[in-house]
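Trainee: Need the 3D shape of this:
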Amino acid sequence: RARRLRLRLAGARSSQGGHAACRIGVLGGTGAETGSSPGVRLLARALWACGFDAFVRPGAPAPFAAPLFEPGRDGTGGTGTGTGPLLWLWVDAAGERLRAWEAGGRPVPDATLQALAVLAGESGEPVWLPVDASDEAERLARESGRPVTWSPSPSPPRDGVWLGCLAAAAGSALGNLHALLDGRPVPARLEAAFPIAWEHVGQVMRRLARQAGALAEPPVDGLKVRHGRGWVLVRPDADRPLVRLLVEAATLADARELLERYSAYVRAANPSATFLQEGSRPAPGEMAWHEGI
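Mentor: I've put the predicted structure just below:
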C-alpha cells in the first residue's frame with residue numbers, strides 16, 4: 001500500500017531507484033536495533049521491507065518535543081558525509097503513536113498524517129478516522145469518495161508503523177509532506193489536561209454534556225462539541241485521574257478562546273481542577289498549553 005501511494009502521488013514519475021536512495025531516520029533507539037523498543041524495531045523493519053534506507057538513532061524525544069537535529073550528522077552517531085534523511089520518525093513502544101519531522105526539524109502536522117491514511121485507500125473504500133481527527137482529514141475523505149467511520153483513539157489509521165511507511169512513501173514522492181495540504185487550511189490545535197480525582201471525573205463529564213446540549217455530537221470517545229468552524233473534545237484519561245481537552249479551530253485565536261472557555265467550564269464543574277500541560281509543572285493557578293499547528 002505504501003508503494004502504491006508513492007506511485008499515485010508521484011504521478012508520471014518513475015519509481016526506479018526511488019526508495020533505495022531515500023533515507024529515513026527512526027528516533028528512539030538504543031544504538032543497537034535489537035535493543036530498541038518493539039515499536040522502533042517494527043517501524044525500522046517495515047521501512048526496510050518497503051525498500052527505504054532506514055536507520056535507528058539513539059535517543060527518545062518527548063512526544064510533543066522536536067528532537068535535536070544536528071546538521072551534517074549521518075545518523076550513525078558520528079559526523080559523516082552520507083546523505084541526510086528525508087524524514088525523521090518517532091513511534092512509541094507499542095507502535096501506535098507516530099510523530100514525524102522533515103529534514104531540518106520542521107514538524108509534520110497531525111492533519112497531514114491523517115491525510116495520508118485517507119490517501120492510501122481507494123475510492124469507495126471505508127476509512128476509519130479517530131474521533132480527534134482533523135476536519136481536513138474528514139473533508140479529504142469525502143472528496144475522495146470514501147465513507148468515514150469514526151472510532152476511538154487509537155484506531156487503525158493511527159497505527160504508527162503503518163503511518164510511518166505511508167509518510168516515507170509520500171515524502172519521497174512529493175519531496176516534502178507539507179505538499180499534501182498545499183492550498184488547504186491547516187487548523188490550529190491546542191490541548192490541556194486537568195488533574196481531577198477519579199470519583200469526580202464522571203460528574204465533570206455529565207455536567208459538560210448537559211451544558212453542551214444539542215451542540216454535542218453522538219458519543220464515540222468522550223464528549224465532542226461543535227462550535228462553528230471548530231470543535232472541542234473532552235475525554236477522561238484512561239490511565240490517570242485527568243480530564244483532557246483538545247480544541248481545533250480555523251485560527252489560533254479561536255482555538256485559544258475555545259480552550260479558555262472550556263477550561264472555565266471544567267473549573268466550574270470541579271473547582272479543585274488545576275490547568276496542567278503534560279510534561280510541565282506550572283505554578284498553582286497558572287495556565288499552560290501545548291500549541292500545535
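
Trainee: any idea where the helices of the stretch 1-150 of the chain begin and end?
Mentor: Applying DSSP state H, counting those that start in this stretch to the stretch 1-150 of the chain gives helices spanning 2-10, 38-49, 110-119, 135-143.

Trainee: which helices and strands does the first one pack with?
Mentor: With contacts taken as 3 or more C-beta pairs under 8 Å, 6 or more residues apart in numbering; DSSP states H and E, helix 2-10 sits against helix 110-119, helix 160-174. Where you see a C-beta, it was placed from the backbone N, CA and C, and this is true even at glycine.

Trainee: Contacts for that helix next, please.
Mentor: For helix 2-10, the external contacting residues (C-beta atoms under 8 Å, 6 or more residues apart in numbering) are 15, 18-19, 50-51, 116, 119-120, 165-166, 168-170, 172-174.

Trainee: go on, the last one?
Mentor: Taking C-beta under 8 Å, 6+ apart as the criterion, the residues outside helix 135-143 that touch it are 111, 114-115, 117-119, 127, 129, 147-148, 181, 184-187, 229, 231, 248.

Trainee: If we use 6 Å, what do you get?
Mentor: With contact meaning C-beta atoms under 6 Å, 6 or more residues apart in numbering, helix 135-143 is reached by 111, 114-115, 118, 127, 129, 148, 184.

Trainee: Among those residues, name the buried ones.
Mentor: 111, 114-115, 118, 127, 129, 148 (16 or more other C-beta atoms under 10 Å).

Trainee: which one of those residues is nearest residue 267?
Mentor: Nearest to residue 267 out of the buried ones among the contacts of helix 135-143 is residue 111 (C-beta to C-beta; 29.5 Å).

Trainee: Please report how far the residue lying closest to residue 229 once chain neighbours are set aside lies from residue 181.
Mentor: Leaving aside its sequence neighbours, residue 229 sits nearest to residue 250 (C-beta to C-beta, 6 or more residues apart in numbering; 4.6 Å). Applying C-beta to C-beta, to the nearest Å, the value for residue 250 to residue 181 is 14 Å.

Trainee: helix or strand right after the strand or helix carrying residue 234?
Mentor: Following DSSP states H and E, one finds residue 234 within strand 230-236. The C-terminal neighbour of strand 230-236 among helices and strands, as given by DSSP H and E, is strand 242-249.

Trainee: Find the residue at the geometric middle of this structure.
Mentor: residue 110 (3.8 Å; C-alpha atoms, centre = their mean).

Trainee: Could you pull up the residues touching it?
Mentor: Taking C-beta under 6 Å, 6+ apart, one finds nothing in contact with residue 110.

Trainee: Find me the pLDDT at it, would you?
Mentor: We have a pLDDT of 79 for residue 110.

Trainee: State the distance from residue 240 to residue 197.
Mentor: 11 Å.

Trainee: sorry, that was for residue 136
Mentor: From residue 136 to residue 197 the distance is 36 Å (C-beta to C-beta).

Trainee: try residue 147
Mentor: Counting by C-beta to C-beta, the gap from residue 147 to residue 197 is 41 Å.

Trainee: and what of residue 183?
Mentor: Going from residue 183 to residue 197 by C-beta to C-beta gives 47 Å.

Trainee: what's the answer for residue 263, then?
Mentor: 18 Å.

Trainee: got a list of what residue 174 touches?
Mentor: So, once contact is read as C-beta under 6 Å, 6+ apart, residue 174 ends up touching residue 9.

Trainee: what's in contact with the strand holding residue 234?
Mentor: With C-beta under 6 Å, 6+ apart, strand 230-236 has contacts from 132, 201, 208, 222-225, 243-249, 254, 258, 262.

Trainee: And for the longest helix anywhere in the chain, what's in contact with it?
Mentor: Secondary structure assigned by DSSP state H gives helix 252-269 as the longest helix of the chain. Around helix 252-269, the neighbours that count as contacts under C-beta under 6 Å, 6+ apart are 188, 190, 194, 204, 207-208, 230, 232, 245, 247, 249, 273, 275.

Trainee: and stretch 180-200, which residues are buried?
Mentor: Buried residues in stretch 180-200 (16+ other C-beta under 10 Å): 180-181, 187-194, 196.
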